[in-house]
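Engineer: Next comes the sequence, and after it the predicted model I'd like to discuss.
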Amino acid sequence: MVYHSAFSSTTLERACGCALPPIRAASEHTVYPGKDADVVDEAVAFFRANVLFRKFDIHGDGDRLLIYLTLFVNQCLKRLETAKSKVEGQKVMGMFLTEHFAIPGDVGFPLSGILSPPANRNEGERFRAYMKQARSATVEKLLAKCYSPDGSQDKFWFAFSKRKFMNLSL
């Protein structure tokens, strides 16, 4: 059974057909998603279960964000495969976060059937700013999970880097 997002409320701000729930500071992230979890906690915690599925029924706008972040976690793990220590991983992810990324409406955006193009430039900029914040928080949370306290790779996380979620990649 695929895990769906708890952030599919209609009261949340939206952009490009995607919910934009608040993201907590990296120091406030929880170990397991629950009552106090945000969307980043949810995406990282559900990644290993959800990546095994080829189909994902969308139950709301929060699920669209969960799909995007799941694909982003997959992309991060692929980049981190070569980084054998947490320090190297931080350098790799620092470079990765500075790269330009496509948003809905851009040429080559892989989720064009799931996320709609922005209605205007302001919506596109709001979506890009939110995703930049979400991507940064996801990387911080993922680095804490993927590397053991001694700085070595956690093989149980990196085993999922070869899986493709919904046969897509960012």
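Structural biologist: Looks like it arrived, so ask away.
Engineer: Tally up the residues packed near Gly151, please.
Structural biologist: Residues within reach of Gly151, counting by other Cβ atoms under 10 Å, total 12. The way it works is simple: take the backbone N, C-alpha and C, and place the C-beta from them, glycine included.
Engineer: Just want the phi and psi numbers for Ser152.
Structural biologist: phi -90, psi 160 (degrees, to the nearest 10).
Engineer: what sits against it?
Structural biologist: By Cβ atoms under 8 Å, 6 or more residues apart in numbering, the contact list for Ser152 reads Lys84, Ser85.
Engineer: what pairs with it across the strands?
Structural biologist: With DSSP bridges as the criterion, Ser152 is bridged to Ser85.
Engineer: How much space separates it from Arg79?
Structural biologist: For Ser152, the distance to Arg79 (Cβ to Cβ, to the nearest Å) stands at 17 Å.
Engineer: Kindly report the same for Gly124.
Structural biologist: Per Cβ to Cβ, Gly124 is found 25 Å from Arg79.
Engineer: Between the two, which is the more surrounded one?
Structural biologist: Neighbour count, other Cβ under 10 Å: between Gly124 and Arg79, Gly124 has more, with 18 against 15.
Engineer: So what's the residue count around the residue lying closest to that one once chain neighbours are set aside?
Structural biologist: Nearest residue to Gly124 in three dimensions, chain neighbours excluded: Pro118, at 3.6 Å (Cβ to Cβ, 6 or more residues apart in numbering). Using other Cβ under 10 Å, Pro118 has 20 neighbouring residues.
Engineer: check which helix or strand covers the spatially most central residue of the chain.
Structural biologist: In the chain, the residue lying closest to the centroid (Cα atoms, centre = their mean) is Leu69, at 1.9 Å. Leu69 is part of helix 61-80 when elements are defined by DSSP states H and E.
Engineer: Report the buried residues of that helix.
Structural biologist: By neighbour count on 16 or more other Cβ atoms under 10 Å, the buried set for helix 61-80 is 61-77, 80.
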